[in-house]
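Visitor: sequence unknown, structure follows:
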Ligand SMILES: Cc1ncc(COP(=O)(O)O)c(C=O)c1O
């Protein structure tokens, strides 16, 4: 196995706060810089606002402040401890040091990226970040912007396509993120159909084509990393269907899109003959095909190393932004600069998240020698997890991982569904948020009645859902360590329960 690049560790606080003093230095530097910036921002005022500063106030009232502040800090400890490699329940990445510092420094100025005047510096940064994201997904033209998250990015894309294409159905798989159904409901687009999945949890292409044959379709949404188990739809084949049936292809790569950094080199080229270690041939091909999409959701706050508040939507055809153009009489006055909010669903948005992305991607480029190295660790971890489960004799994988989410279950020969659910629920209750003291934190994927026959033989189905254990292997530290690593520890645990 390829040696882990320890260089990348410098960008993270570390599971046990190993790098905290580096982080502290950068925060102090940004405070010092902010102090000078604020002092000189306008001509010095004659008015004496502060006869006494907080220091004096703290002397008088320090006890109350400290009490509440301590209570606040303690309340933060009531958390899932999701920064740690022992936590793999959900898609919470440990934010990088540049992202945290960038966000903090920009928050002190409180930029608002809805309009250029609200955030000149961070609007410019956002536009540069969007260029980096477009480059990552392979869009040579088009437009995009950051959003507060993936659901909002999906909603905006759906809104723009609805108003552009006007008529037709919306198709997406039963394995898609719940925002798709919700967004159809918000936009009153009842004309959607959830297409069945296959036994890889990917959209069933035959059923998709059946629907395309029968209906006029406005938009097909394909997943590059579906939320449940990270399934990657066969985008290559869906592109061929688009040639035949003409629809808008949106790819929800909210979670999986950053994995394309694994295949891009410093010169921005892709070597079509070299599949990155741990990645399946299937996923490799779909990552390449991503550039053929008409629009894409891709979330920096998932695999992109920044804190929450950072999704994004990218469009290949700029016409889609004009279709949702709305302006206002009291802002958006600066016409020679981008006013992102005129072409977006959301109004006020934190410029700080653009700053976080900018600083992060300048230091950790969106290619195989930057963020790709971080994501490669997750992909290798998932592959190794899969191989160990297959050898375990006690557990089975639900599907082979397309990216770095694994779903698996404990089983014994002849177990029926009720028995499988009993066994796996027992593990879940001990090793999940249900047990706040748990040393390891898994989540679960409940597979609904309408699709569980893809995974369980008909004669064993005697329950309404199938409960599988789920691990989102987002942390890049899982395989590190000379004698023992975190994944070994996970498997020691699994073998003993
Ligand atoms: C594939 C996919 N799309 C969309 C979303 C929604 O993103 P957000 O939670 O940022 O709104 C998620 C979230 O997990 C997701 O996995």
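Guide: The structure has been received and is ready for your questions. Everything quoted here is computed from the prediction, not taken from an experiment.
Visitor: tell me which element the residue most central in space within the chain falls in.
Guide: Closest to where the C-alpha atoms of the chain average out (Cα atoms, centre = their mean) is residue 302, at 2.4 Å. Element membership of residue 302 [criterion: DSSP states H and E] is helix 300-303.
Visitor: What's the first helix or strand after that helix?
Guide: strand 311-315.
Visitor: Please point out which parts of the following helix or strand past that next one sit buried.
Guide: Toward the C-terminus, strand 311-315 is succeeded by helix 319-322 as the next helix or strand (DSSP H and E). Within helix 319-322, the residues that qualify as buried are 320, 321, counting by 16 or more other Cβ atoms under 10 Å. For every residue, glycine as well, the C-beta is placed using N, CA and C.
Visitor: Heading C-terminal from helix 319-322, find the next helix or strand.
Guide: Assigned by DSSP H and E, the successor of helix 319-322 is helix 351-363.
Visitor: contacting residues for residue 431?
Guide: 438, 439, 440, 441, 442, 493 (Cβ atoms under 8 Å, 6 or more residues apart in numbering).
Visitor: what secondary structure does the first one sit in?
Guide: Yep, that's residue 438 we're talking about. Here residue 438 is coil, with the state taken from DSSP: H, G, I helix; E, B strand; the rest coil.
Visitor: Any residues of the stretch 151-300 of the chain in contact with the ligand? List them.
Guide: 151, 154, 177, 179, 223, 225, 226, 227, 252, 254, 255, 299 (Cβ under 6 Å from any ligand atom).
Visitor: Mind doing that once more with 5 Å?
Guide: Taking Cβ under 5 Å from any ligand atom as the measure of proximity, the stretch 151-300 of the chain contacts the ligand at 151, 177, 227, 252, 254, 255.
Visitor: Pairing partners for residue 471 in the sheet, please.
Guide: Counting by DSSP bridges, residue 471 is bridged to residue 406.
Visitor: can you count the residues close to it?
Guide: Residue 471 is flanked by 24 other residues according to other Cβ atoms under 10 Å.
Visitor: and the gap between it and residue 407?
Guide: Remark: distance between residue 471 and residue 407 (Cβ to Cβ, to the nearest Å) = 8 Å.
Visitor: what's the answer for residue 177, then?
Guide: Distance, residue 177 to residue 407, using Cβ to Cβ: 16 Å.
Visitor: can you tell me the average pLDDT over stretch 347-364?
Guide: The pLDDT scores in stretch 347-364 average 98.
Visitor: again but with stretch 131-138, I slipped
Guide: In the prediction, stretch 131-138 has an average pLDDT of 98.
Visitor: buried set for that stretch?
Guide: Buried residues in stretch 131-138 (16+ other Cβ under 10 Å): 133, 134, 135, 136, 137, 138.
Visitor: Ok, stretch 296-308 next?
Guide: Buried residues in stretch 296-308 (16+ other Cβ under 10 Å): 296, 297, 298, 299, 300, 301, 302, 303, 304, 305, 306, 307.
Visitor: swap in stretch 224-239?
Guide: Quick answer for stretch 224-239 (16+ other Cβ under 10 Å): 224-235, 237-238.
Visitor: Now do the helices in the stretch 151-300 of the chain.
Guide: 179-186, 205-214, 235-245, 281-289, 300-303 (DSSP state H, counting those that start in this stretch).
Visitor: a markdown table for these, including mean pLDDT?
Guide: Shown next, in a markdown table, are the helices of the stretch 151-300 of the chain (pLDDT from 0 to 100):
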| stretch | mean pLDDT |
| --- | --- |
| helix 179-186 | 98 |
| helix 205-214 | 98 |
| helix 235-245 | 98 |
| helix 281-289 | 98 |
| helix 300-303 | 98 |
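Visitor: right, so those helices: which one is the most enclosed?
Guide: helix 300-303 (a mean of 27; mean count of other Cβ atoms under 10 Å).
Visitor: So which elements touch that one?
Guide: strand 311-315, helix 351-363, helix 371-392 (3 or more Cβ pairs under 8 Å, 6 or more residues apart in numbering; DSSP states H and E).
Visitor: of these, which approaches residue 92 most closely?
Guide: helix 371-392 (12.8 Å; Cβ to Cβ).
Visitor: now the strands: where do they sit in this protein?
Guide: 143-147, 169-173, 192-195, 217-223, 248-252, 295-297, 311-315, 395-397, 405-410, 443-447, 466-472 (DSSP state E).
Visitor: Residue 205: which of the ones you listed is closest?
Guide: strand 192-195 (9.0 Å).
Visitor: Neighbouring strands - and their directions - for the closest one?
Guide: Sheet partners assigned to strand 192-195 using DSSP bridges are listed as strand 169-173 (parallel).
Visitor: So which residues make contact with the strand it pairs with?
Guide: Strand 169-173 is contacted from outside by 158, 180, 184, 189, 191-197, 202-204, 208, 211-212, 215-223, 226, 233, 247, 252, using Cβ under 8 Å, 6+ apart.
Visitor: 7 Å - rerun?
Guide: The set of residues external to strand 169-173 that reach it, using Cβ atoms under 7 Å, 6 or more residues apart in numbering, is 180, 184, 189, 191-195, 197, 203, 208, 211, 215-221, 223, 233.
Visitor: Ok, stretch 22-32 next?
Guide: 13, 97, 101, 104, 105.
Visitor: And for stretch 94-113?
Guide: 11-13, 19, 22-23, 26-27, 30, 34, 83, 118-119, 121-123, 126, 305-307, 340, 348-349, 351-356, 358-360, 363-364, 475.
Visitor: Straight-line length of that stretch, end to end?
Guide: By Cα to Cα, to the nearest Å, the extent of stretch 94-113 from end to end equals 25 Å.
Visitor: buried set for it?
Guide: So stretch 94-113, judged by 16+ other Cβ under 10 Å, has buried residues 94-107, 109, 111-113.
Visitor: So which of the residues you listed sit within helices?
Guide: 97, 98, 99, 100, 101, 102, 103, 104, 105, 106, 107 (DSSP state H).
Visitor: Would you quantify the distance from the last one to the ligand?
Guide: For residue 107, the distance to the ligand under the criterion Cβ to the nearest ligand atom, to the nearest Å works out to 20 Å.
Visitor: same question, residue 38
Guide: Noted for residue 38: a distance of 33 Å to the ligand, by Cβ to the nearest ligand atom.
Visitor: Next, format the contacts of residue 431 as TSV and append pLDDT.
Guide: Converted to TSV, the contacts of residue 431 look like this (pLDDT from 0 to 100):
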residue	pLDDT
438	94
439	94
440	96
441	96
442	97
493	96
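Visitor: The least confident helix or strand in the chain by mean pLDDT packs against which elements?
Guide: The helix or strand of the chain with the lowest confidence, counting by mean pLDDT, DSSP states H and E, is helix 54-77 at a mean of 86. Using 3 or more Cβ pairs under 7 Å, 6 or more residues apart in numbering; DSSP states H and E, no helix or strand is in contact with helix 54-77.
Visitor: contact partners of that helix?
Guide: By Cβ under 7 Å, 6+ apart, helix 54-77 touches no other residue.
Visitor: Can you give the distance of that helix from its chain's centre?
Guide: How far helix 54-77 lies from its chain's middle: 35 Å, per Cα atoms, centre = their mean, to the nearest Å.
Visitor: Stretch 147-160 now?
Guide: For stretch 147-160, the distance to the chain centre is 14 Å (Cα atoms, centre = their mean).
Visitor: What does the pLDDT read for residue 326?
Guide: For residue 326, the predicted pLDDT is 88.
Visitor: tally of neighbours for residue 271?
Guide: Residues near residue 271, counting by other Cβ under 10 Å: 11.
Visitor: again, but for residue 272
Guide: 10.
Visitor: From the ligand, how far out is it?
Guide: From residue 272 to the ligand the distance is 26 Å (Cβ to the nearest ligand atom).
Visitor: contacting residues for that residue?
Guide: residue 288.
Visitor: State the distance from it to residue 285.
Guide: Distance, residue 272 to residue 285, using Cβ to Cβ: 9 Å.
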